[in-house]
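Chemist: Predicted model, plus sequence, below.
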Amino acid sequence: MVRKDARTHTSSAKYHRLSQEDDGFVDAQFKAGPKRIPWKAIGYALLLFAAGTLLLIIGSLLVTGYLEEKYADRTWPVIILGALMFIPGAYHSYIAYYAFKGYEGFSFDDIPSYDDD
C-alpha cells in the first residue's frame with residue numbers, strides 16, 4: 001500500500017545540487033568594503049611629522065651653535081626625540097598622501113586606525 005502525503009506543497013525556490021568542489025566560500029565575502037579614511041590616525045601622523053621636524057631643526061641649530069651655548073646639554077635629547085617623532089610621522093604621512101592620490105600599492109588600510117568604536 002502506497003501512502004500519499006497530504007502535506008504536499010509547491011515552492012518557487014530553485015534548488016541546485018552542490019558540486020563536489022564547493023569549499024564553502026562565497027565570492028561576495030572577498031569583495032572589499034567601502035574605503036574608510038582614518039582621519040584621526042592621519043592627524044596624529046601629521047602632528048608627529050610637524051613636531052619631529054621642529055625638534056630636529058632646533059637640535060640642528062644647537063649642534064651648529066646658532067643657539068646659545070647654555071642650551072648645549074639639551075642637544076642630543078632634542079635630536080633623538082625629534083627623530084623618534086619624525087620617522088613614523090613622515091612614513092604614515094607619505095602613505096596617506098599616496099593613498100589619497102590613488103597610487104597603486106598604497107591603501108588607507110596600511111595606516112593603523114585608532115578608531116575602535
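Modeler: Everything's here; your move.

Chemist: which element is the residue nearest to L81 when sequence neighbours are not counted on?
Modeler: Leaving aside its sequence neighbours, L81 sits nearest to L55 (CB to CB, 6 or more residues apart in numbering; 5.6 Å). Yep, even glycine has a C-beta here, placed from its N, CA and C like the rest. Remark: L55 resides in helix 39-64, with elements defined by DSSP states H and E.

Chemist: Check which element follows that helix along the chain.
Modeler: Next along from helix 39-64, by DSSP H and E: helix 75-101.

Chemist: Check which helices and strands that next one sits against.
Modeler: Judged by 3 or more CB pairs under 8 Å, 6 or more residues apart in numbering; DSSP states H and E, the packing partners of helix 75-101 are helix 39-64.

Chemist: so how far is the helix it packs on from its chain's centroid?
Modeler: With CA atoms, centre = their mean, to the nearest Å as the basis, helix 39-64 stands 21 Å off its chain's centre.

Chemist: Run the angle between that helix and helix 75-101 for me.
Modeler: Inter-element angle recorded for helix 39-64 and helix 75-101: 140 degrees (by axes from the mean of the first three to the mean of the last three CA atoms, to 10 degrees).

Chemist: And helix 39-64, what's buried?
Modeler: Buried positions in helix 39-64, judged by neighbour count with 16 or more other CB atoms under 10 Å: 41-42, 44-45, 48-49, 52, 55-56, 58-59, 62.

Chemist: Kindly reformat those as TSV containing pLDDT and distance to V78.
Modeler: TSV is the format used below for those (pLDDT from 0 to 100; distance: CB to CB, whole Å):
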residue	pLDDT	distance to V78
A41	93	26
I42	94	26
Y44	95	21
A45	96	21
L48	97	15
F49	98	16
G52	98	11
L55	96	5
L56	96	8
I58	92	6
G59	92	4
L62	88	7
